[in-house]
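A.B. asks: sequence below, structure please.
(one chain, ligands or ions: 2)
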Amino acid sequence: MLTREQNELLTRVGPGTPMGELLRRYWHPVAVSSQFKDHGTKPVRILGEDLVLFRDRSGRLGLIGDRCQHRRAGMVFGIPEQDGLRCAYHGWMYNAAGQCIEQPYESTEDPGSAFKDKITIKAYPVSELGGLIFAYLGPEPVPVLPRWDIYVMDGVVRDIGSGVVPCNWLQIMDNSMDPIHVEWLHQRFTDYVFEHLGRPRRRVVREGERDERGWRHVKIGFTVFEHGITKRRVLEGGSEEDEDWTIGHPVVFPNILRTPNAFQIRVPVDDTHTWHVWYSTYAPKPDSVEQTPETIPYFEVPIPRCLEPASRTGLCWITTAARTSPSGTRKAGSPTARRSTSGALTEGWSSTARYSNSRWRSRCVATIQ
Ligand code: FES
Ligand SMILES: [Fe+2]
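C.D. replies: Ligands and ions are numbered 1, 2, ... in the order given. Reported below is the predicted structural model:
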């Protein structure tokens, strides 16, 4: 059992906290390229800092403080120019390095003024890879952005999903080191939900795996390796020859889970929120369209937020079976699992989760209202 002090040490992520400083030594995704192709701005909250990501008209990305150094106007309202972001209030302009490069009225009054040279705004390095936009918030020297295989491998199609989970980043990483929950939460619980929805039980089976394989864990193991810890499992009917044991699921320090075809990246937003990114690769289908980083499809993953205890709201989402017609088929207009726009292969537990989450959220919203 962690002490309160140990818990604080591991979970606080703001500037100046020990874990916050450690996490700042790593690149973290802050946006998806396909969602940020053109010039514009986007608010970013990461590691307890409020920032503004912008793309100027030359295509250059910048990540700067969210308040103008002049009168604290929100830079998210800034106007992207050829070489920077111009504050909407009085027109001061900042480049991607955070240097103020224009002060329109001040320069009119005193054309020789060097005042702007003294003005800087917080700014962090930004880099794009594999359809994600990454930022580095730590001290120099800036490390190389890791080119993990999943970001750069050829011959695959990709999609990217994300959602903000209302918990500390470490809680999600803790879950990644817990193999057994897959058998219960992802399999048996999903079966239970499907039973109530009047749908056939659904095995969570990856392409090419034996459908008849059980999901009862008979052995688990953990191995420390250069970049983290690999968790392994042997399932009933399987053996240590299976990839679940020979390869396992590497948990890449500090905040990435690798599954056979995907990364799950847990970006700390602040002490109580985490931006969860599902970055997946698939074997292309004959009709798959060639992707560029800017065309990788993106989907939002609805995260259920039950604001009140179920007993107080009357919330009982398992009864969503009521949305199923007596014949057991879904009513027209009821939610369906989303598919990525590439038609890419979003089958699997994640689409199950999206389907279920969508219903959970709808049910939560309907009940709370
Ligand atoms: S507040 Fe930004 S230019 Fe005045
Ligand atoms: Fe899980």
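A.B. asks: next, count neighbours for Glu290.
C.D. replies: By other CB atoms under 10 Å, the residues close to Glu290 number 8. Any C-beta I mention is one placed from the backbone N, CA and C, and that applies to glycine too.
A.B. asks: for Val193, that is, sorry about that
C.D. replies: Residues contacting Val193 under the criterion other CB under 10 Å number 20.
A.B. asks: so it: helix, strand or coil?
C.D. replies: Assigned by DSSP: H, G, I helix; E, B strand; the rest coil, the conformation of Val193 is helix.
A.B. asks: isn't Pro80 up against Asp56?
C.D. replies: Yes. With contacts counted by CB atoms under 8 Å, Pro80 reaches Asp56, the gap being 4.9 Å.
A.B. asks: looking at these two, which one has more neighbours?
C.D. replies: More crowded of Pro80 and Asp56, by other CB under 10 Å: Asp56, with 22 against 19.
A.B. asks: mind listing what the closest residue to His90 other than its chain neighbours touches?
C.D. replies: Leaving aside its sequence neighbours, His90 sits nearest to His70 (CB to CB, 6 or more residues apart in numbering; 6.0 Å). His70 sits next to 87, 89-90, 92, 119 when contact means CB atoms under 8 Å, 6 or more residues apart in numbering.
A.B. asks: if you set the cut-off to 7 Å instead, what comes out?
C.D. replies: Applying CB atoms under 7 Å, 6 or more residues apart in numbering to His70 gives the contacts 87, 89-90, 92.
A.B. asks: still on that earlier bit, intersection of neighbour lists for Pro80 and Asp56?
C.D. replies: Among the neighbours of Pro80, those also in contact with Asp56 (CB under 7 Å, 6+ apart) are His39.
A.B. asks: domains in the chain, by residue range?
C.D. replies: 4-147, 150-368 (automatic domain parsing).
A.B. asks: worst average pLDDT in those?
C.D. replies: Lowest mean pLDDT within these: domain 150-368, a mean of 74.
A.B. asks: what's the helix or strand for Gly161?
C.D. replies: Assigned by DSSP states H and E, Gly161 falls within strand 157-165.
A.B. asks: which strands and helices sit next to that strand?
C.D. replies: Using 3 or more CB pairs under 7 Å, 6 or more residues apart in numbering; DSSP states H and E as the contact criterion, the elements in contact with strand 157-165 are strand 273-282, strand 298-300.
A.B. asks: who does the nearest residue to Val252 once chain neighbours are set aside bridge with?
C.D. replies: Nearest non-adjacent residue to Val252, counting by CB to CB, 6+ apart: Gly228, 4.6 Å away. Beta-bridge partners recorded for Gly228 (DSSP bridges): Phe225, Val252.
A.B. asks: neighbours of Gly228, how many?
C.D. replies: 20.
A.B. asks: so who does it touch?
C.D. replies: 250-253 are the contacts of Gly228 under CB under 7 Å, 6+ apart.
A.B. asks: can you say which of those are buried?
C.D. replies: Listed as buried from those are 250-252; burial here means 16 or more other CB atoms under 10 Å.
A.B. asks: what's the residue nearest the centre of the chain in contact with, if anything?
C.D. replies: Among the residues of the chain, the one closest to the centroid is Val277, at 2.1 Å (CA atoms, centre = their mean). Going by CB under 7 Å, 6+ apart, Val277 touches 29, 160, 162, 265, 267.
A.B. asks: then Tyr105?
C.D. replies: Residues near Tyr105 by CB under 7 Å, 6+ apart: His90.
A.B. asks: rerun at 8 Å
C.D. replies: By CB under 8 Å, 6+ apart, the contact list for Tyr105 reads 90-91.
A.B. asks: report whether the helix or strand where it lies contacts ligand 1.
C.D. replies: Using DSSP H and E, Tyr105 sits within helix 104-109. No. Using CB under 6 Å from any ligand atom, helix 104-109 stays clear of ligand 1, with a minimum separation of 8.6 Å.
A.B. asks: buried stuff in that helix?
C.D. replies: Buried residues in helix 104-109 (16+ other CB under 10 Å): Glu106.
A.B. asks: stretch 75-82 now?
C.D. replies: 75-76, 78-81.
A.B. asks: likewise for stretch 6-24?
C.D. replies: Residues of stretch 6-24 classed as buried: 10-13, 17, 19-21, 23-24 (neighbour count, 16+ other CB under 10 Å).
A.B. asks: for the residues you listed, which one is nearest ligand 1?
C.D. replies: Using CB to the nearest ligand atom, Arg24 comes nearest to ligand 1 of these, at 26.9 Å.
A.B. asks: what sits against the closest one?
C.D. replies: 47, 136-139.
A.B. asks: mind running it again at 10 Å?
C.D. replies: Residues near Arg24 by CB atoms under 10 Å, 6 or more residues apart in numbering: 13, 15, 17, 46-47, 49, 124, 136-139.
A.B. asks: distance of it relative to Thr223?
C.D. replies: To Thr223, Arg24 is 28 Å away according to CB to CB, to the nearest Å.
A.B. asks: isn't Glu278 right up against Ile160?
C.D. replies: Quick fix: residue 278 is Trp, not Glu. Yes. Using CB atoms under 10 Å, Trp278 makes contact with Ile160 at a distance of 6.9 Å.
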